[in-house]
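In: Below are the sequence and a predicted model for it; my questions follow.
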Amino acid sequence: MNEAVILVADGGRARFLTVAPPSPFERRPKVLEAQCLIAPSATLEDGELFNTTKPGVRHRPARPGQGRGLQTSDDRRVGHRAEEEKRFADRVIEEFCSFVREHPGRRTVLVAGPPFLGALRKSLSRSPLPQAPHEWDRDLGKLEPLEVYEHLVEADVLRALK
């Protein structure tokens, strides 16, 4: 029986963890990664997403008396990245809502760094979970599942399972 479901996310990856009590022969609870989502643009470099790797600078033919032929412009990279993050947050919350419905009656916890947690909150307002999740604004995306659990217990977000 799972005691908790945890979403650990950052802007590029989201993992769904389940926490179950330890068996009689183990000392630690079972913390398993049940699902992992990767943002499509998280692995791409600027040169693969945009025409140039230098934001805001375009080359144009030099004209006599007008300098070196560089022109500044707004290529909307920040807006593009924000839209990609919003789409990923929407996808994560949609998948997590389905995951929580498969594991009813469990405590739900969202763990993400402050910027991405804000995006998750906005997405969550459009497709709410059956119960209000506990939110913790820490970037634990690179930690192993058991380490994430230990941080949550240490911060009194979850109670220790023995």
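Out: Here it is on my side, so go on. Numbering: from 1, shown residues only.
In: okay, CA-based contacts and neighbour counts for the rest of this
Out: Fine.
In: A34 belongs to a helix?
Out: No. Assigned with DSSP: H, G, I helix; E, B strand; the rest coil, A34 falls outside any helix and is strand.
In: who are the neighbours in contact with it?
Out: Counting by CA atoms under 8 Å, 6 or more residues apart in numbering, A34 touches R15, F16, L17, T18.
In: Parallel or antiparallel, list what pairs with the host helix or strand of the second one.
Out: By that I understand F16. Using DSSP states H and E, F16 sits within strand 13-20. Applying DSSP bridges, strand 13-20 is found paired with strand 4-9 (antiparallel), strand 30-38 (antiparallel).
In: Out of those, flag the one nearest D139.
Out: strand 4-9 (7.6 Å; CA to CA).
In: Could I get the buried residue list for the lengthiest helix in the chain?
Out: Of all the elements of type helix in the chain, the one with the most residues (DSSP state H) is helix 77-102. Residues of helix 77-102 classed as buried under the neighbour-count rule (16 or more other CA atoms under 10 Å) are 84-86, 88-94, 96-97, 99-100.
In: quick one, that helix and strand 13-20 angle?
Out: Taking axes from the mean of the first three to the mean of the last three CA atoms, to 10 degrees, one finds that helix 77-102 is oriented at 20 degrees with respect to strand 13-20.
In: following helix 77-102, which helix or strand comes up?
Out: Downstream of helix 77-102 (by DSSP H and E), the next one is strand 107-112.
In: From the contact counts, what lies against the helix or strand following that next one?
Out: Downstream of strand 107-112, the first helix or strand assigned by DSSP H and E is helix 114-126. Where contact means 3 or more CA pairs under 8 Å, 6 or more residues apart in numbering; DSSP states H and E, helix 114-126 is packed against helix 77-102.
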